[in-house]
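*Asks:* quick one: sequence plus predicted model below, questions after.
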Amino acid sequence: MSSTKIIALLKRQDPQSFAGLACSTVNGWINQSGDKPKWSEKALKMAEYGHDQGQGNKGGQKGIFTQFPTVEKAVITCLNQLRDASVPLILVTIRGIVVALIMQLAPEIFDIKAADSSEF
């Protein structure tokens, strides 16, 4: 199956997660060195640990905020307002905002363990 067909299938299953998925990313997940293409060890490990393949080769936990829509909405609203006000945002600032909102609205998020035993 081509990377284009794989992306089309993934986007049908989960349009939001795979909206920005590129063929080059999928091609990076496929090991072409043998007689038949197969998933790379890295892609299999990411899938095993529950990493969101829609985030490219970087992995990442999928949907932590799906259980906490109020927190997700607060984070998005706050960051959008800061962006609209032309406030320069850097990763440290964004992380601080996210952590502060979680602490205020749903501190139990910090206790959730991922499939690979990692925590926030």
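*Replies:* Structure received. Numbering: from 1, shown residues only.

*Asks:* separation between L91 and I30?
*Replies:* 30 Å (C-beta to C-beta, to the nearest Å). For the C-beta atoms, the positions are set from N, CA and C on the backbone; glycine is no exception.

*Asks:* show the end-to-end separation of stretch 29-42, please.
*Replies:* Taking C-alpha to C-alpha, to the nearest Å, the first and last residues of stretch 29-42 lie 7 Å apart.

*Asks:* now it: mean pLDDT?
*Replies:* For stretch 29-42, mean pLDDT is 87.

*Asks:* now do the buried residues in it.
*Replies:* By neighbour count, with 16 or more other C-beta atoms under 10 Å as the criterion, the buried positions of stretch 29-42 are 29-30, 40.

*Asks:* what about the residue of the chain most remote from its centre, which SS state?
*Replies:* Computed with C-alpha atoms, centre = their mean, the maximum C-alpha offset from the centroid of the chain is found at D35, amounting to 31.8 Å. Going by DSSP: H, G, I helix; E, B strand; the rest coil, the secondary structure assigned to D35 is coil.

*Asks:* over to A47?
*Replies:* Look at A47: counting by three-state DSSP, its state is helix.

*Asks:* and the gap between it and T77?
*Replies:* Shown here: A47 relative to T77, a distance of 32 Å by C-beta to C-beta.

*Asks:* again with I30
*Replies:* Here I30 is placed at a distance of 39 Å from T77 (C-beta to C-beta).

*Asks:* for stretch 98-105, report the contacting residues that lie outside it.
*Replies:* Counting by C-beta atoms under 8 Å, 6 or more residues apart in numbering, stretch 98-105 makes contact with 68, 70-71, 74-75, 78, 109-110, 120, all of which sit outside it.

*Asks:* could you dump those to JSON lines with neighbour count, pLDDT and distance to I7?
*Replies:* Compiled in JSON lines, these are given as follows (neighbours: other C-beta atoms under 10 Å; pLDDT from 0 to 100; distance: C-beta to C-beta, whole Å):
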{"residue": "F68", "neighbour count": "17", "pLDDT": "87", "distance to I7": "29"}
{"residue": "T70", "neighbour count": "11", "pLDDT": "92", "distance to I7": "32"}
{"residue": "V71", "neighbour count": "18", "pLDDT": "91", "distance to I7": "30"}
{"residue": "A74", "neighbour count": "19", "pLDDT": "94", "distance to I7": "32"}
{"residue": "V75", "neighbour count": "19", "pLDDT": "93", "distance to I7": "28"}
{"residue": "C78", "neighbour count": "15", "pLDDT": "95", "distance to I7": "32"}
{"residue": "I109", "neighbour count": "19", "pLDDT": "86", "distance to I7": "31"}
{"residue": "F110", "neighbour count": "11", "pLDDT": "85", "distance to I7": "34"}
{"residue": "F120", "neighbour count": "13", "pLDDT": "65", "distance to I7": "30"}
